[in-house]
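> Below is the structure, and that's it, no one-letter string:
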Ligand code: GLU
């Protein structure tokens, strides 16, 4: 690792990782690997009231599943340990003190009631933004409005306080976002955000900026929802004297509902019947459980490819990218500005593509596991026939078994509604005769089976439609399925003959 590129994924462990968070992590990973840089996982857990047990472990496992584990983290260690913000409180206090000493931040002693009363007053006066800012701060209880002696006394008495940043009201704050271009915000629209809470822990803003600086972060690649906070961060860099080394910002587009109407939420995913979390999640507070993409049968390489294209475009029509190809072609410049519509059918398509690329041994193992579970003897030839037969029809490895199990288990029931319409004595005789003729074939294959059927039908002056539905139901139980001649070849001569004989008996009795 010899470049100066250092990026971080900085989730708050407040629940399962949303698919959007996983995409943010992926883009950071791809950028780091491309630039021979470092990808860091930092846990932003300063809001202790929102911590959810198990969430950090979940995030770590999800990154590992996708194959994008960080180079530095609490688990892996690194030169900037600790990587969990709750373990870094003393560091933030030191910088809050620096800002206080330099008059760029101030103590505020207002109680919750006093803050409410201020907002109420402003509301009544029809002020649109009821903010704690350069106008309102003068009438509140803080170290800018109170005499110094009073401030000292309050602190000495242990009266709780927060530290607020002093926003310059007459300045424009600007920075160039790598995806969005210049972003400009006027200081008069920002409020004096709390940077250190009364317990001594920082808020997200201070901790985030201090850590990005101390950890040598070169690029902040994060979701669009953090764009409104960016001007405050830019100001903090300036106030702390770090403007020169400020990281570049890249705010990623939102992931939208399939119809493009607003941000994709867990509720939408539940309603539309697809996962939104990478792995199964059981919420320790509500007890609610959600199925993950992994458990739904999505392959990590398919998920990675799908997420990479959800907001980034390679500049050509290519869609299938291995992780190495993504590392080579990824670029922040080709990230789209507008939201990216979530299309579950596309995710499924990717899964299908990657499933087809699996080696015969891997696919064979899936079927063998089921056969062992059902106590059915392993027959290699039949298994490889089954794989060939259904491989192109399936999106998930579980489908491999679901779609091919009829080859290993004779039908236990038949679609009698169709049989009732299609079955008659002539069909019964025809199938009996057809099946008897198998022994006269020089070889038993889908080609010879097809030719024989054609010949017999011609003799009877019948079309394929007269017997095919009944033959299919006799062999598989259902009216639809993969190529029937191939199915008969895989079943083998005696199995096919016995299934036909059993079905004829059954259909004749209705
Ligand atoms: N802790 C923030 C989050 O939960 C991080 C935002 C950032 O990357 O700066 O997403």
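Everything's here; your move. Computed from a prediction, not measured in an experiment: that's the story for all the values here. Residues are numbered from 1 along each chain as shown.
> measure the residue located most distally from the centre of the chain to residue 437 for me?
Seen from the C-alpha centroid of the chain, the residue lying at the greatest distance (CA atoms, centre = their mean) is residue 459, 58.6 Å away. In this structure, residue 459 and residue 437 are 11 Å apart, going by CB to CB, to the nearest Å. Glycine gets a C-beta too; all of them are placed from N, C-alpha and C.
> ditto for residue 398
In this view, residue 398 and residue 437 are 38 Å apart by CB to CB.
> For residue 68, give me its contacts.
For residue 68, the residues meeting the contact criterion (CB atoms under 8 Å, 6 or more residues apart in numbering) are 25-26, 29, 39, 304.
> If we use 6 Å, what do you get?
The contact partners of residue 68, by CB atoms under 6 Å, 6 or more residues apart in numbering, come to 26, 29.
> does it count as helix, strand or coil?
When states are read from DSSP: H, G, I helix; E, B strand; the rest coil, the local structure at residue 68 comes out as coil.
> what does this protein put close to the ligand?
Residues of the chain found near the ligand (CB under 6 Å from any ligand atom) are 10-12, 44, 204, 208, 222, 226.
> Please list the members of those that lie in helices.
Filtering the residues of the chain next to the ligand for membership in helices, criterion DSSP state H, returns 204, 208.
> Among the residues of the chain next to the ligand, which are located in strands?
With strands identified by DSSP state E, the entries of the residues of the chain next to the ligand that belong to them are residue 222.
> For this protein, which segments count as strands?
Listed in chain order, the strands found in the chain under DSSP E are 6-9, 38-41, 105-108, 162-165, 172-177, 181-186, 194-196, 219-223, 248-252, 255-256, 281-282, 289-290, 340-341.
> any chance of these in CSV, plus mean neighbour count?
Converted to CSV, the strands of the chain look like this (neighbours: other CB atoms under 10 Å):
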stretch, mean neighbour count
strand 6-9, 27
strand 38-41, 24
strand 105-108, 22
strand 162-165, 23
strand 172-177, 15
strand 181-186, 12
strand 194-196, 24
strand 219-223, 22
strand 248-252, 21
strand 255-256, 21
strand 281-282, 18
strand 289-290, 13
strand 340-341, 19
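> Minimum distance to residue 126: which of the ones you listed has it?
Closest of the strands of the chain to residue 126 is strand 181-186, at 20.7 Å (criterion: CB to CB).
> ok now that closest one, how far from the chain's centre?
In terms of CA atoms, centre = their mean, to the nearest Å, the centre of strand 181-186 is found 30 Å from the chain centre.
> That one pairs with which strands?
Sheet pairing here is set by DSSP bridges, and for strand 181-186 it gives strand 172-177 (antiparallel).
> what's the angle from the partner strand to strand 219-223?
Using axes from the mean of the first three to the mean of the last three CA atoms, to 10 degrees, the direction of strand 172-177 lies 90 degrees away from that of strand 219-223.
> Pull the distance from strand 172-177 to the chain's centre.
Offset of strand 172-177 from its chain centre (CA atoms, centre = their mean): 31 Å.
> For it, which outside residues touch it?
If you take CB under 6 Å, 6+ apart as the criterion, strand 172-177 is touched by 182-186, 231, 234-235, 249, 251.
> Need those residues in TSV (columns: distance to residue 93 and pLDDT).
As requested, these are arranged in TSV below (distance: CB to CB, whole Å; pLDDT from 0 to 100):
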residue	distance to residue 93	pLDDT
182	34	97
183	30	97
184	32	97
185	28	96
186	30	96
231	24	97
234	22	98
235	20	98
249	26	98
251	29	98
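> so which of the residues you listed comes closest to residue 127?
If you rank these by distance to residue 127 using CB to CB, residue 186 comes first, at 16.5 Å.
> do you know how far that closest one is from residue 134?
Taking CB to CB as the measure, residue 186 falls 12 Å from residue 134.
> Residue 273 too?
Computed as CB to CB, the residue 273 to residue 134 distance reads 50 Å.
> Between the two, which is the more surrounded one?
With neighbours defined as other CB atoms under 10 Å, residue 273 and residue 134 compare such that residue 134 has more, 18 against 7.
> Identify the residues contacting that one.
residue 169.
> what's the pLDDT at it?
With respect to pLDDT, residue 134 scores 95.
> cool, the one 3 residues further on as well?
As predicted, residue 137 sits at a pLDDT of 96.
> Pull the number of nearby residues for it.
Other residues near residue 137 come to 23 when the count uses other CB under 10 Å.
> residues touching it, list them.
Each residue near residue 137 by CB under 6 Å, 6+ apart is listed here: residue 144.
> Distance check, residue 301 against residue 62.
Distance check for residue 301 against residue 62: by CB to CB, it reads 15 Å.
> Those two: who's more crowded?
Legend: neighbour count by other CB under 10 Å for residue 301 and residue 62, higher for residue 62 (25 against 19).
> ok, now which ones touch the more buried one?
Residues in contact with residue 62, defined by CB under 6 Å, 6+ apart, are 17, 278-279.
> And those, which of them are buried?
Among the contacts of residue 62, the ones that count as buried by 16 or more other CB atoms under 10 Å are 17, 278-279.
> Output the strands of the chain in TSV; the columns should cover distance to residue 143.
Compiled in TSV, the strands of the chain are given as follows (distance: least, CB to CB, whole Å):
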stretch	distance to residue 143
strand 6-9	33
strand 38-41	35
strand 105-108	4
strand 162-165	9
strand 172-177	23
strand 181-186	25
strand 194-196	13
strand 219-223	31
strand 248-252	31
strand 255-256	43
strand 281-282	44
strand 289-290	47
strand 340-341	46
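> Out of those, flag the one nearest residue 144.
Distances from residue 144 to each of the strands of the chain were compared using CB to CB; the minimum, 5.1 Å, belongs to strand 105-108.
> which other residues reach the closest one?
99, 142-144, 161-166.
> Could you rerun that using 7 Å?
Contacts to strand 105-108, defined as CB atoms under 7 Å, 6 or more residues apart in numbering, come from residues 96, 99-100, 140, 142-144, 151, 161-166, 195.
> do the same with stretch 341-353
Contacts to stretch 341-353, defined as CB under 7 Å, 6+ apart, come from residues 255-258, 260, 264, 274, 298-299, 302, 305-306, 320, 394-396.
> now do 6 Å
Taking CB under 6 Å, 6+ apart as the rule, stretch 341-353 contacts 255-256, 258, 260, 264, 274, 298-299, 302, 305-306, 320, 395.
> Residue 411 and residue 477 touch, don't they?
Yes - checked against CB atoms under 6 Å, the pair residue 411 and residue 477 is within contact range at 3.0 Å.
> which residues sit in contact with the residue farthest from the centre of the chain?
When contacts are taken as CB under 6 Å, 6+ apart, residue 459 is in contact with no other residue.
> Return the distance of it relative to residue 434.
Using CB to CB, which is the criterion applied here, residue 459 is 11 Å from residue 434.
> and what of residue 195?
Plainly put, residue 195 is 83 Å away from residue 434 if you go by CB to CB.
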